Each structure stands twice: as structure tokens, then as C-alpha cells.
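**Student:** fold the following and give me the result.
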Amino acid sequence: MPVYLLSRDLSFPPPEIADKSGLLAVGGDLSTSRLIWAYSQGIFPWYNPGEPICWWSPDPRLILEPANLHVSRRTERIIRQGRFQVTLDRAFREVIRACSETRVKSGEGSWITPEMIEAYTELHYLGRTHSVETWQGDRLVGGLYGMSMGRVFFGESMFTKVSDASKVAFVTLIRQLSEWAFAMIDCQVTTWHLLSFGAKEIPRPLFLKKLKELINLKSGAPRGKWS
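**Tutor:** Residues are numbered from 1 along each chain as shown. Modelled structure (predicted):
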């Protein structure tokens with residue numbers, strides 16, 4: 001399948017024409033306008049440092065519907081014990097940096113480049129991206145971040161410095177999103193970790209159909225920051 005080179009305008013080729021891996025286009029930029037438009041079309045950036053920006057819409061797509069969240073007894077017990085304090089939008093930049101640094105330290109390399117950090121932080125100032133933090137005292141020990149649009153939350157990355165910290169952040173977020181009438185969490189690509197929480201793969205056409213419907217519905221989330 002062809003891979004399209006983006007021009008300066010914000011348009012993308014239809015995500016339906018991406019191959020199974022999901023690679024759709026290269027080029028463009030990480031402007032807030034382009035990122036918002038991309039996510040609304042079921043497209044997200046993912047590339048390695050030194051490479052051109054690559055835009056993806058994989059098939060199948062991993063999603064989690066809040067009603068289908070599965071929480072293990074062990075994780076429920078940890079939440080009840082109150083080992084962690086959980087906050088929303090208290091330390092967005094610290095969370096996204098920690099997500100990037102954790103991957104580098106593990107030897108995987110990080111697609112969360114400095115340009116990505118700045119772009120998503122700018123979206124945070126606009127009330128578009130959000131973070132969840134887990135704390136032990138004043139120490140940030142886990143968290144995650146992503147984009148929200150209508151009744152959809154697009155998960156991007158998570159990190160943990162203490163065992164179970166990111167799990168608690170994730171479960172807390174999904175339960176809060178459920179209270180706010182969110183209907184779908186886009187998990188992007190399949191991992192066993194997310195499958196264990198009740199996520200499932202769906203065909204790209206079905207994902208795009210759900211996305212089109214849900215991003216135009218209002219949720220109960222506060223406007224702007226969630227803190």
C-alpha cells in the first residue's frame with residue numbers, strides 16, 4: 001500500500017486505506033491543529049527520534065469500554081489499602097517526561113521525543129490532553145497521559161517507578177471516565193497488559209464508526225483541566 005507524504009495543509013488521506021500495520025502517512029508537523037484533527041480521524045503520530053513523523057491508524061484497534069473494565073483482586077486490594085494518592089492534571093509535564101525517560105532507561109528507546117513533549121504539553125494548556133498521577137508523599141511514582149475528545153479518551157503512555165503505581169492510575173482514570181459518561185478508551189495497539197484489564201480488539205472500520213459518533217457527544221468531564 002502507498003504511504004502518503006503530507007503537505008502543509010491539515011488534510012490526511014482516509015485512514016481506511018492504511019495497511020494492516022496502520023502506517024498511513026509521513027511528514028507534516030505536530031501543531032495543535034494537526035494533532036486535534038488527526039485524533040478526530042482515528043490517526044496518531046508514532047515515530048523514532050531522527051525519523052520523519054509517521055502517522056498511523058492500525059487494524060485491528062485495541063479499545064476498552066469502561067463498563068468492561070476488569071480489575072484483579074490484588075489491584076482492588078491495593079486501591080483499598082490507600083498505598084497511593086491519585087490526582088488528575090496536577091503534573092502533566094512531569095508525567096509525559098517520566099513516560100519518555102522510563103522507556104529510554106529500559107533500553108527500548110522512546111518515541112516520546114522532546115518535540116512530542118512540547119506538542120502534547122501545549123495541548124494540555126488548551127485542555128485537550130490530561131494526566132493521571134500516583135504519589136507516595138511528594139514523590140511522583142506512576143501515571144499516564146492521553147487526549148480527550150467528546151466521550152473518547154485516547155491513551156498515550158504510562159510509567160511506573162513503584163510496583164502497581166501505573167495500574168492504580170489506570171483503574172482510577174477508567175472509573176472516573178465512566179462517571180463522566182465516556183464510552184471508549186482508544187488503547188491504539190494490542191498489549192497483553194491492557195487485554196488483562198478488559199480491552200479488546202475491534203476492526204478499524206468499526207472503530208472509526210464509533211469514533212465518529214462519540215467525539216461529537218458531550219461528556220461530564222470539566223472543561224479545561226481536570227484538577
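
**Student:** check contacts around the residue nearest in space to the middle of the chain.
**Tutor:** In the chain, the residue lying closest to the centroid (Cα atoms, centre = their mean) is G155, at 1.7 Å. Contact analysis of G155 by Cβ atoms under 8 Å, 6 or more residues apart in numbering lists L144, G146, I185, D186, C187, Q188. For every residue, glycine as well, the C-beta is placed using N, CA and C.

**Student:** quick one: contacts of the helix or strand of the chain with the lowest mean pLDDT?
**Tutor:** Within the chain, confidence by mean pLDDT, DSSP states H and E is lowest for helix 92-105 among all helices and strands, at a mean of 87. Here helix 92-105 makes contact (Cβ under 8 Å, 6+ apart) with 109-113, 116-117, 120-121, 124, 129-133, 140, 143-145, 156-161.

**Student:** so the residue nearest to the centre of the chain: helix, strand or coil?
**Tutor:** Following DSSP: H, G, I helix; E, B strand; the rest coil, the label given to G155 is strand.

**Student:** my guess is A119 contacts S33. True?
**Tutor:** No - A119 is beyond contact range of S33, at 11.0 Å (criterion: Cβ atoms under 8 Å).

**Student:** which one's more surrounded, these two?
**Tutor:** The residue with more neighbours, out of A119 and S33, is A119; 20 against 9, by other Cβ atoms under 10 Å.

**Student:** what's the distance between the nearest residue in space to F197 that is not next to it in sequence and L194?
**Tutor:** Distance criterion Cβ to Cβ, 6 or more residues apart in numbering; nearest residue to F197, sequence neighbours excluded, is H70 at 5.7 Å. Here H70 is placed at a distance of 11 Å from L194 (Cβ to Cβ, to the nearest Å).

**Student:** who has more neighbours out of the two?
**Tutor:** Set H70 next to L194 and count neighbours by other Cβ under 10 Å: L194 wins out with 20 against 12.

**Student:** quick one: average pLDDT of the helix or strand hosting the more buried one?
**Tutor:** Using DSSP states H and E, L194 sits in helix 192-195. For helix 192-195, mean pLDDT is 96.

**Student:** and for it, what are the contacting residues?
**Tutor:** Helix 192-195 is contacted from outside by L62, L64, C187, using Cβ under 8 Å, 6+ apart.

**Student:** please list only the buried members of these.
**Tutor:** L62, L64, C187 (16 or more other Cβ atoms under 10 Å).
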